[in-house]
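>>> Build me a model:
(2 chains)
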Number of protein chains: 2
Amino acid sequence: MAPIAVTPLSPPSPTLDNTSKLTKAGAETILSKTISNGSPAVADLDASKLIFTRNLSPKNVVAPNSPEVWSQNYTSDHMLTVRWTEQSGWEAPEIRPYGPLSLMPTASVFHYATECFEGMKAYRGFDGKVRLFRPERNARRFLQSATRIALPGFPPEEFLKLLKKFVGVEAPKWVSEPGQFIYLRPTMIATAPAIGIQRPREALLYVMMVMMPSLGDPSAVPPSVTASAGTGSGQAPEAKRLAAAGMRLLASRHDMIRAWPGGFGSAKVGANYGPTLVAQGEARARGYDQILWLFGDECFVTEAGGSNFFVLWKTAQGRTELITAPLGDGVILEGVTRASVLDLVRRTRPDVDVVERKFTMHEIVQAADQGRLIEAFGAGTAFFISPCSDIHFRGVDVSLPLAKGVTADFARAIRQALKDIMYGSQQHEWGVVVEEEKI
Amino acid sequence: MAPIAVTPLSPPSPTLDNTSKLTKAGAETILSKTISNGSPAVADLDASKLIFTRNLSPKNVVAPNSPEVWSQNYTSDHMLTVRWTEQSGWEAPEIRPYGPLSLMPTASVFHYATECFEGMKAYRGFDGKVRLFRPERNARRFLQSATRIALPGFPPEEFLKLLKKFVGVEAPKWVSEPGQFIYLRPTMIATAPAIGIQRPREALLYVMMVMMPSLGDPSAVPPSVTASAGTGSGQAPEAKRLAAAGMRLLASRHDMIRAWPGGFGSAKVGANYGPTLVAQGEARARGYDQILWLFGDECFVTEAGGSNFFVLWKTAQGRTELITAPLGDGVILEGVTRASVLDLVRRTRPDVDVVERKFTMHEIVQAADQGRLIEAFGAGTAFFISPCSDIHFRGVDVSLPLAKGVTADFARAIRQALKDIMYGSQQHEWGVVVEEEKI
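Down below sits the predicted model:
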């Protein structure tokens, strides 16, 4: 086996080196951080230390719903990064040009799924202001997820300050038009090069912004995307159907369970997502958009794809009821949109009973058979409020009124009420205005 | 917020760029791979295409059980890499200098735990030959894990050919002395820069070799490591205690489970490891080495840390029985060492009944109370056969005879029999000789 070829490989843009601070810093740096009383100075996350490094090769903003946007990989010019080591704690946060990360092949995140994330959006309001939606909830959950997966903790309010700074820098260019939004992806990964199964000693917190299509708006789907429907590997077909005719759900098989009490289903950790891709692929291949995740012999309804799941029905007693799975046993994610739907309906709809309890697929089938099923919808940041048209449950097809052309007025009203807050048409404490900076 | 500092960051050695083949290759390359009948040529994994790029800055081999070895991050000079894209399939495999990986921040592996791995060892026999131990089982399981986490499949025999080539290149320098071994870590990660939750369209398969201390040999523990015991964050203290006095296990709490039926506990995917680190940290802080993972209200015994778990006891009827949790419900890993222990004992010990069935912590407590508990041990590649001295189960301390100074003769005999095969003292089909190449 003689040498055949040398492949020169160099990253196309400045790479953020995470191959090990420890290795490079060495003992001297660690010693220099030792303060007078002899205990090492482990720094907490501190937004006031923020460093800004401008991207000198900025990108163009592409048109809303253009093919680049549908790729869901069109990021803004910068990213926010903060490195952490066990010895020194959190380093100075940095807003720097968006670019590759460099890690050693032994990095914990590649082997042990030591990673967590958040999903958020920044909205350009019709009053010209940029808002985040209840961001303190995401910051708190980000901390909870990090803690669950043995990544370092941080004061959530410091993280939120940094996030606002980052949004404030990028928004003038990247969310310039009223009614636009951009997706935010806070992420934390364990970077320490250590093959042992152990608590990570080095980590990277980073946030990037990704342009996303206006899901839920049928006019937003470009013809080129429509043509690619059926490949089964992207989200575009799903988004199209969702926008046009409602979400079609395939109830999970008995032998495919997303989460379990005592597991980690309530944390936004990578480990909840990768293992669902096979089932999701099967659903797509059969013409469904998402898996409706059931749990247990009782077939309890938990989540729909990566969203929380709500049903609006008439009870046998004739009351109108909005029902969703409860928190508490750690099986479902405590969604920000979920909480907002519950709050909103409780405050504004005295005619609707709001119930968080375990409920089963059999109850849904019975309600459908008895003509009591009104609406069902997924609720989450990425897909927002997505009305459901059909559920296939082990040989039984459950059709929602939406499938027969009845508009999902309840879901639509919730969507509008939340949009009014997100885009500043209604002043509300959930819509948190971000101060912008021209750079 | 004015620019404060620019931090120049460059990787210390050639970086393997995985930021996206698609982006760089573009449509032309894809078109050029379209063969005459119009369907794209998707290449399968092919060991005959192997490319070798020599490391021109080779490292020193450090002494066995030196501090570098205890860091479990001291790798050999090269790594084996193979890239895959949905469009083109598997590229030419390459043995190249060990160095950093470069990925986009949007890479699937950072968000959705789209990753899997294997753990193996290469042994330098006392006959001078290098062997792998039942490597076809690792190759098959690697494929199963990849498939479970929606990563691309491959012919396991081609992977095995590549692995042997890699070992053949590195072994002369890195496993030079009879009785030595080196740890192999085959890994696959989803590299595609795509924020959507979808089946990965690009992946990287890589294998690295890591020097590891001789666990299980008390003389192997250097004083510096002994002194660091109690930090709770490394594996050294555990290894020390394991080697010296047997493994101390803390039974998992009711609200912390590792895996569940219908989940992915039987696949070697990252998602099974990160979520256990918090519990593992608690165990270490309380002076235990590993968690003994229980499942269900019945407290079924499943795994010990990252190893399978065996108990040797006398039954109430006076028979000697070796018992371990069964495969089938997908909760435990089908360990290569597990299978080998079962096979070996079944073939060589007619005096011992070998049983694979669900058994509970209560049965262990009862056996201990009645003086029927003989031995217990973990079985896995990394920690091999690790006799257990103590189990703490919700307020009850179960002591094995090992804790009272009785040697674990049964575990020791198994260990020796397997070692004899691994190091060629006994010729056996499980020990697969690897042809070496001087480079």
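>>> pLDDT score assigned to A:Met79?
Note on A:Met79: pLDDT of 98.
>>> what about it, which helix or strand?
Using DSSP states H and E, A:Met79 sits in strand A:78-85.
>>> Contacts made by that strand with the rest, please.
Here strand A:78-85 makes contact (C-beta atoms under 8 Å, 6 or more residues apart in numbering or on different chains) with A:16, A:18, A:21-22, A:25, A:45, A:55, A:90-99, A:152, A:162-163, A:165-166, A:169-170, A:191, A:201-208, B:105. All C-beta atoms are positioned from the backbone trio N, CA, C, and that covers glycine.
>>> Just the buried ones among these, please.
Buried members of these, counted by 16 or more other C-beta atoms under 10 Å in any protein chain shown: A:16, A:18, A:21-22, A:45, A:55, A:90-91, A:93-99, A:152, A:162-163, A:165-166, A:169-170, A:191, A:201-208, B:105.
>>> For A:Asn139, which non-adjacent residue is closest in space?
One thing to correct before we go on: residue A:139 is Ala, not Asn. Leaving aside its sequence neighbours, A:Ala139 sits nearest to A:Pro156 (C-beta to C-beta, 6 or more residues apart in numbering or on different chains; 3.8 Å).
>>> anything in stretch A:60-74 near chain B?
Yes: with C-beta under 8 Å from any C-beta of the partner chain as the criterion, chain B is reached by stretch A:60-74 at A:Ser71, A:Gln72, A:Asn73.
>>> Going by neighbour count, list what's buried in stretch A:400-413.
Using 16+ other C-beta under 10 Å as the test for burial, stretch A:400-413 gives A:Leu400, A:Pro401, A:Leu402, A:Ala403, A:Ala408, A:Phe410, A:Ala411.
>>> From those residues, pick the one nearest A:Thr381.
Taking C-beta to C-beta as the measure, A:Ala411 is the one of the buried residues of stretch A:400-413 closest to A:Thr381, at 15.9 Å.
>>> Against which helices or strands is whichever helix or strand that closest one is part of packed?
Taking DSSP H and E as the criterion, A:Ala411 maps to helix A:409-422. With contacts taken as 3 or more C-beta pairs under 8 Å, 6 or more residues apart in numbering or on different chains; DSSP states H and E, helix A:409-422 sits against strand A:130-133, helix A:336-348, strand A:373-380, strand A:384-393.
>>> Tell me which of these sits nearest to B:Gly128.
Between B:Gly128 and these, the tightest spacing by C-beta to C-beta is seen for strand A:373-380, at 60.2 Å.
>>> rewinding a little: now, which of the residues of stretch A:60-74 next to chain B lie within strands?
Of the residues of stretch A:60-74 next to chain B, none are assigned to strands by DSSP state E.
>>> Which of the residues you listed ranks first by neighbour count?
Using other C-beta atoms under 10 Å in any protein chain shown as the neighbour test, those are led by A:Gln72, with 24 neighbours.
>>> For it, give me its contacts.
Counting by C-beta under 8 Å, 6+ apart, A:Gln72 touches A:Val210, A:Met212, A:Gln235, B:Ala194, B:Ile195, B:Gly196.
>>> Helix or strand: which one has the closest residue to the first one other than its chain neighbours?
Nearest non-adjacent residue to A:Val210, counting by C-beta to C-beta, 6+ apart: A:Tyr183, 4.7 Å away. Assignment of secondary structure by DSSP H and E places A:Tyr183 within strand A:181-190.
>>> how far out from the middle of the chain is that strand?
8 Å (C-alpha atoms, centre = their mean, to the nearest Å).
>>> mind listing what the closest residue to A:Ala368 other than its chain neighbours touches?
Closest residue to A:Ala368 apart from its sequence neighbours, by C-beta to C-beta, 6+ apart: A:Val398 at 4.7 Å. The contact partners of A:Val398, by C-beta under 8 Å, 6+ apart, come to A:Ile364, A:Val365, A:Ala368, A:Leu373, A:Asp390, A:Ile391, A:His392.
>>> Pull the most distant pair out of the residues you listed.
Within the contacts of A:Val398, two members stand farthest from each other by C-beta to C-beta: A:Leu373 and A:His392, at 14.7 Å.
>>> of these two, who's got more company?
Summary of the neighbour comparison: A:Leu373 and A:His392, criterion other C-beta under 10 Å, with A:Leu373 having more neighbours (22 against 17).
>>> does the more buried one really touch A:Val311, like I thought?
Yes: counting by C-beta atoms under 8 Å, A:Val311 is a contact partner of A:Leu373 at 7.3 Å.
>>> Can you pull the residues that touch both of these two?
With C-beta under 8 Å, 6+ apart as the test, A:Leu373 and A:Val311 both reach A:Ile364, A:Ala367.
>>> What segments of the stretch 1-150 of chain A are strands?
In the stretch 1-150 of chain A, the strands defined using DSSP state E, counting those that start in this stretch lie at A:16-17, A:51-52, A:78-85, A:89-90, A:94-97, A:101-103, A:115-117, A:120-124, A:130-133.
>>> what's next to the last one, contact-wise?
Right, strand A:130-133. So strand A:130-133 is contacted by A:120-125, A:163-164, A:167-168, A:171, A:175, A:336, A:340, A:418, A:421-424, A:430-434, A:436 (C-beta under 8 Å, 6+ apart).
>>> who does it pair up with?
The pairing partners recorded for strand A:130-133 under DSSP bridges are strand A:120-124 (antiparallel), strand A:431-434 (antiparallel).
>>> Just give the nearest non-adjacent residue to the residue nearest to the spatial centre of chain A, would you?
Of all residues in chain A, the one closest to the mean position by C-alpha atoms, centre = their mean is A:Gly119, 2.8 Å from it. By the measure of C-beta to C-beta, 6+ apart, the closest residue to A:Gly119 outside its immediate chain neighbours is A:Thr381, 4.4 Å from it.
>>> Pull the contacting residues for that neighbour.
A:Thr381 is in contact with A:Gly119, A:Met120, A:Lys121, A:Gly335, A:Val336, A:Thr337, counting by C-beta under 8 Å, 6+ apart.
>>> Could you verify my assumption that the third one touches A:Leu184?
Yes: A:Lys121 is in contact with A:Leu184 according to C-beta under 8 Å; the separation is 6.5 Å.
>>> Pick out whichever of these two has more residues nearby.
With other C-beta under 10 Å as the criterion, A:Lys121 and A:Leu184 differ in neighbour count, and A:Leu184 comes out ahead with 24 against 19.
>>> Now do the contacts for the nearest residue to the more buried one once chain neighbours are set aside.
Once flanking residues are discounted, A:Leu184 sits nearest to A:Met120: 4.2 Å by C-beta to C-beta, 6+ apart. By C-beta under 8 Å, 6+ apart, the contact set of A:Met120 is A:Leu132, A:Phe133, A:Pro135, A:Asn138, A:Leu163, A:Tyr183, A:Leu184, A:Arg185, A:Pro186, A:Thr381.
>>> what residues does the stretch 201-350 of chain A put near chain B?
So far as C-beta under 8 Å from any C-beta goes, the stretch 201-350 of chain A lies against chain B at A:201, A:206, A:208, A:210, A:232-235, A:254-257, A:260-264, A:269-278, A:280-281, A:305-306, A:330.
>>> Can you say which of these are buried?
Buried members of these, counted by 16+ other C-beta under 10 Å: A:201, A:206, A:208, A:210, A:232-235, A:256-257, A:260-264, A:269-278, A:280-281, A:305-306, A:330.
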